[in-house]
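> Have a look at this fold, sequence not included:
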């Protein structure tokens, strides 16, 4: 090949003895191309020095967004924990709606799947996705502290995970920036004159968040921050009422509405303006951080789409991580 001329798909197709469309599918490792054929085409392309044209990729993405195709390439949103996070919950609906909307804007279709539908057999579900022409997979946020063990053929898919929960491999992810969110909460409380806040967070949730809330509290919180932190455990025996009475807080930060109810039952009588909810919802009646999983879901889709457009499969090293600190919301 003339070194001054860019190697094209036609060049690769000619050398491989295939059509241009077959080569295009093979380079993207599409499900309709046999694995051996895809590997052969990849080898030919590498030998010729073929590189995707980024400008063409951008143009095709624009065309796909502007003009619906008769056959839209599917993406999969996979629930790996069954009913641990119900598909009917408001959180699940928010994530699915945002992810599906952004997938459509990028020229894809988003279908949902549940591991429980195949009795927890991840390999079987992956085979179903391949048979349906799915090459891109998003894994739904998980609940609980434990790492999820998933026997998945990573090399066959472009993947990303929503949220900060851990699987048995390091995946590209889009999630909430708990550390920066806590720093914003402390700034907001300081502007409102609070000088003796306390922080109450669930230990399992804190661990799943990579202890970002706790780290920011210890670094940027009050002088006696370690003593003003309550980590809620399932089997905790200490008296929350006595703890609050001893510290006399002028503001309370909690990670969930159930924990806020416990604080109120334990004797907190302060105004709602001095209560901050780290996972804010409009019906809470207090201020807090809206974690913004609509934004997170859209960026998780982008992580998968970018891999597909660059013909990437498997586990990138290191995996990219996109973190978003959410939005401060005043009490309604």
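Yep, that arrived. Only a predicted model underlies this, so the values are computations on that prediction, with no experimental measurement involved. Numbers count the residues shown, from 1 in each chain.
> Show the backbone phi and psi for the closest residue to residue 167 other than its chain neighbours.
Distance criterion C-beta to C-beta, 6 or more residues apart in numbering; nearest residue to residue 167, sequence neighbours excluded, is residue 148 at 4.8 Å. From N, CA and C alone the C-beta is placed, and that goes for glycine too. Torsion angles at residue 148 (phi, psi; degrees, to the nearest 10) stand at phi -90, psi 130.
> And residue 148, what's its pLDDT?
pLDDT, residue 148: 79.
> same thing with residue 85?
So residue 85 comes in at 51 (pLDDT).
> Point out where the stretch 201-332 of the chain drops to low pLDDT.
Within the stretch 201-332 of the chain, the stretches with pLDDT under 70 are 234-238.
> Helices of that one, start to end?
Taking DSSP state H, counting those that start in this stretch as the test, the helices found in the stretch 201-332 of the chain are 203-208, 212-220, 240-247, 257-265, 293-309.
> Out of those, which gets nearest to residue 186?
Ranking the helices of the stretch 201-332 of the chain by proximity to residue 186 (C-beta to C-beta) places helix 212-220 first, at 5.4 Å.
> which helices and strands sit right next to the closest one?
Secondary-structure packing of helix 212-220 (3 or more C-beta pairs under 8 Å, 6 or more residues apart in numbering; DSSP states H and E): helix 178-191, strand 197-202, strand 229-232.
> give me that answer again for 10 Å
In terms of contacts (3 or more C-beta pairs under 10 Å, 6 or more residues apart in numbering; DSSP states H and E), helix 212-220 is packed against helix 178-191, strand 197-202, helix 203-208, strand 229-232.
> Go through these and pick out the most buried.
strand 197-202 (a mean of 24; mean count of other C-beta atoms under 10 Å).
> Name the strands paired with it and say parallel or antiparallel.
strand 229-232 (parallel), strand 251-254 (parallel) (DSSP bridges).
> Can I get these in a markdown table including distance to residue 138?
Output for the strands paired with strand 197-202, formatted as a markdown table (distance: least, C-beta to C-beta, whole Å):
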| stretch | distance to residue 138 |
| --- | --- |
| strand 229-232 | 30 |
| strand 251-254 | 29 |
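> just so I know, which of the ones you listed lies nearest residue 192?
Across the strands paired with strand 197-202, closest to residue 192 is strand 251-254 (C-beta to C-beta), at 7.7 Å.
> what's residue 125 in contact with, if anything?
Contacts for residue 125 (C-beta atoms under 10 Å, 6 or more residues apart in numbering) come out as 76, 78, 80, 113-119, 137, 150, 152.
> again, but for residue 248
By C-beta under 10 Å, 6+ apart, the contact list for residue 248 reads 196, 198.
> Against residue 309, how distant is residue 106?
Look at residue 106 and residue 309: by C-beta to C-beta, to the nearest Å, they are 9 Å apart.
> who's more crowded, those two?
Between residue 106 and residue 309, residue 106 has the larger neighbour count (other C-beta atoms under 10 Å), namely 21 against 17.
> What values do phi and psi take at the nearest residue to residue 275 once chain neighbours are set aside?
Excluding the flanking residues, the one nearest residue 275 by C-beta to C-beta, 6+ apart is residue 286, at 4.2 Å. Main-chain torsions, residue 286, degrees, to the nearest 10: phi -130, psi 170.
> what's the burial count for residue 286?
Neighbourhood size, residue 286 [other C-beta under 10 Å]: 21.
> sorry, back to before: dump the helices and strands packed on helix 212-220 into a markdown table; add distance to residue 11 as well.
Below are these laid out as a markdown table (distance: least, C-beta to C-beta, whole Å):
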| stretch | distance to residue 11 |
| --- | --- |
| helix 178-191 | 48 |
| strand 197-202 | 58 |
| helix 203-208 | 49 |
| strand 229-232 | 61 |
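> rewinding a little: what's near enough to touch the residue nearest to residue 167?
So residue 148 contacts 80, 81, 115, 139, 142, 161, 165, 166, 167, 168 (C-beta under 10 Å, 6+ apart).
> now it: how far from residue 15?
Using C-beta to C-beta, residue 148 is found at 43 Å from residue 15.
> Can you show me the strands along the chain?
In the chain, the strands defined using DSSP state E lie at 73-79, 108-114, 136-139, 158-162, 173-176, 197-202, 229-232, 251-254, 275-277, 287-290, 321-324, 327-329.
> Please state the offset of the first one from the chain centre?
Pointing back at strand 73-79 there. Relative to the centre of its chain, strand 73-79 is centred 14 Å away, using C-alpha atoms, centre = their mean, to the nearest Å.
> Let me know how buried the nearest residue to residue 28 once chain neighbours are set aside is, in neighbour terms.
Spatially, and ignoring its direct neighbours in sequence, residue 28 is nearest to residue 311 (5.2 Å; C-beta to C-beta, 6+ apart). Counted with other C-beta under 10 Å, residues neighbouring residue 311 total 18.
> Could you number the chain from 62 rather than 1 from now on?
With 62 as the first residue, the last one maps to residue 372.
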